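Chemist: Model the structure of this input:
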Amino acid sequence: MDTRQDRFEQLYEKQDDPYQLKTRWYEARKRAILLATLPNPRYARAFEPACGIGELTNALAARCDELVASDFSSQALCMAAERNRDFAHVRFERQVLPQDWPRSPGGFDLIVISEVGYFLDEEEMTAVARHCGETLDPNGTLVACDWRPAFEGRTLSAERVHEILGSLALSRIARYEDADFLLTVWARNSLSVTQHEGIRARTPEGRR
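Modeler: Residues are numbered from 1 along each chain as shown. Sure, this is the predicted structure:
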């Protein structure tokens, strides 16, 4: 076990919600903004690495037919599985990024990289981006959401994480930023929500 894994195992052994995901308005608001930026009402197969105790997993589960959620902390995964015990379509796996990236037949049509990229080094994050590009299906959505202020243990800035993911051949369809966090959404298809629904005309550039 590397020092990062050991640190998180100890963290979750001491507290069942060390980041106060269940109680902070900041966290609830951030989840709501993330969910609101997703261009599709529902997804067939989604992947959420570094799921922690499963609060975002719980929100995503309502929008997905299948959801794979992973973490390298066995303590966190136990709590996440309990939090989402009512969702039979959610599967939890113990994985270490980037080497344990899962492969799904047909790929994932939603990948959510939330609050994990800044713990990785440049090489690891580049590998994560490559895996995203390899496993995101032709109509897929990729989301990144990251805390912006400095803290002990950070190896990459939120901006750098999003720059690395932004190097993929995807269209950026949404972006939200404030003093606390940065959220970016990319998609294979650049059409807007209203273009998908036929409210606006479709053009080769995805704009009217």
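Chemist: His131: what secondary structure?
Modeler: helix (DSSP: H, G, I helix; E, B strand; the rest coil).
Chemist: ok, Tyr176 - contacts?
Modeler: The neighbours of Tyr176, taking CB atoms under 8 Å, 6 or more residues apart in numbering as the test, are Ile33, Thr37, Leu182, Leu183. C-betas here are computed from N, CA, C, even on glycine.
Chemist: Roughly how far does it sit from Arg29?
Modeler: As for Tyr176, its distance to Arg29 is 11 Å (criterion: CB to CB, to the nearest Å).
Chemist: Over to Gly106?
Modeler: Distance from Gly106 to Arg29, by CB to CB: 33 Å.
Chemist: which residue ranges form the helices in the chain?
Modeler: Applying DSSP state H to the chain gives helices spanning 3-14, 25-37, 55-61, 74-83, 122-135, 158-166, 193-196.
Chemist: Mean pLDDT per helix and strand in the protein: which one sits at the bottom?
Modeler: Every helix and strand in the chain was compared by mean pLDDT, DSSP states H and E; the lowest is helix 3-14, with a mean of 77.
Chemist: outside of that one, which residues touch it?
Modeler: Counting by CB under 8 Å, 6+ apart, Met1, Pro18, Ile53, Phe72, Ser73, Ser74, Gln75, Ala76, Met79, Val96, Phe119, Gly153 sit against helix 3-14.
Chemist: go again using 10 Å as the cut-off
Modeler: With CB atoms under 10 Å, 6 or more residues apart in numbering as the contact definition, helix 3-14 has outside contacts at 1, 18-19, 50, 52-53, 71-79, 96, 119-120, 153, 155.
Chemist: Narrow the residues you listed to just the buried residues.
Modeler: 19, 50, 52-53, 71-73, 75-79, 96, 119-120 (16 or more other CB atoms under 10 Å).
Chemist: Leaving out sequence neighbours, find the closest residue to Ala61.
Modeler: If the residues on either side of it in the chain are set aside, Ala61 comes closest to Phe87, at 4.5 Å by CB to CB, 6 or more residues apart in numbering.
Chemist: Neighbours of the one you found, how many?
Modeler: 18 (other CB atoms under 10 Å).
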